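Q: Please find the sequence and the predicted model below.
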Amino acid sequence: VVTPTNDVLSDTDFDEFKKVLLTALGELNKHREEEGASLEKDLYKRITNINAQEEEIVKLEPNRIKRIREEIVQLLETHVGKENYDGNKLEQELVYYIEKIDIHEEQVRLKQHCEYFKSLLANSEDSKGKKLSFIIQEIGREINTTGSKAYDATIQKCVVVMKDELEKAKEQVLNVL
């Protein structure tokens, strides 16, 4: 291999070499297919786990808003006094504040990104690693925004689980061509 020579294989030797080479290539491709199937299964599991946490957050969302509203009213009543603030103004401010911390839009986009990821996994096209990587980034953005707007310990726990699953998926996507 290192020293150039003018040696030429005989037809018989070349045929034997070709058989060995084709067998090795066949085994390599078989291994790649098995590894790809394993990666696909793992990635699907990770995204499904993220979906499960997202569904849990959807269940927790109505109580979160109610609890935040009650806590703000209680703080005002404790520190300002019930008779010292305008209830109508409070309602206006609460609506504004609750709109700022609303995570519905993030949850819709997260669900869409996860579905797109799964559909891309199921697609038999070649060279989808970059697309999967881009979708993973988008999923991460939605998870982070959900976490920053949550103001709820239970939702934060769901976010932590989703981030853990996302990191595992990111590592696996690096192995996809």
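A: Alright, I've got the coordinates.
Q: Give the burial count for I143, as a bare number.
A: As a burial measure, I143 scores 25 neighbours (other Cβ atoms under 10 Å). Quick note: C-beta positions are derived from backbone N, CA and C, even for glycine.
Q: I misspoke; the intended subject was Q172.
A: 18.
Q: does it sit in a helix or strand, and which one?
A: Using DSSP states H and E, Q172 maps to helix 153-173.
Q: would you put the C-alpha positions of that helix in PDB?
A: Output of helix 153-173 as PDB, limited to C-alpha atoms (Å, rounded to 0.1, in the frame of the first residue of the first chain):
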ATOM      1  CA  ALA A 153     -42.700  24.100  39.700                       C
ATOM      2  CA  THR A 154     -44.500  21.100  38.200                       C
ATOM      3  CA  ILE A 155     -44.300  22.500  34.700                       C
ATOM      4  CA  GLN A 156     -40.600  23.300  35.300                       C
ATOM      5  CA  LYS A 157     -40.100  19.600  36.200                       C
ATOM      6  CA  CYS A 158     -41.700  18.600  32.900                       C
ATOM      7  CA  VAL A 159     -39.400  21.100  31.100                       C
ATOM      8  CA  VAL A 160     -36.300  19.500  32.800                       C
ATOM      9  CA  VAL A 161     -37.400  16.100  31.600                       C
ATOM     10  CA  MET A 162     -38.000  17.400  28.100                       C
ATOM     11  CA  LYS A 163     -34.600  19.100  28.000                       C
ATOM     12  CA  ASP A 164     -32.900  15.800  29.100                       C
ATOM     13  CA  GLU A 165     -34.700  13.900  26.400                       C
ATOM     14  CA  LEU A 166     -33.700  16.600  23.900                       C
ATOM     15  CA  GLU A 167     -30.100  16.400  24.800                       C
ATOM     16  CA  LYS A 168     -30.100  12.700  24.300                       C
ATOM     17  CA  ALA A 169     -31.800  13.200  20.900                       C
ATOM     18  CA  LYS A 170     -29.200  15.800  19.900                       C
ATOM     19  CA  GLU A 171     -26.400  13.300  20.600                       C
ATOM     20  CA  GLN A 172     -28.100  10.700  18.500                       C
ATOM     21  CA  VAL A 173     -28.900  13.000  15.600                       C
END
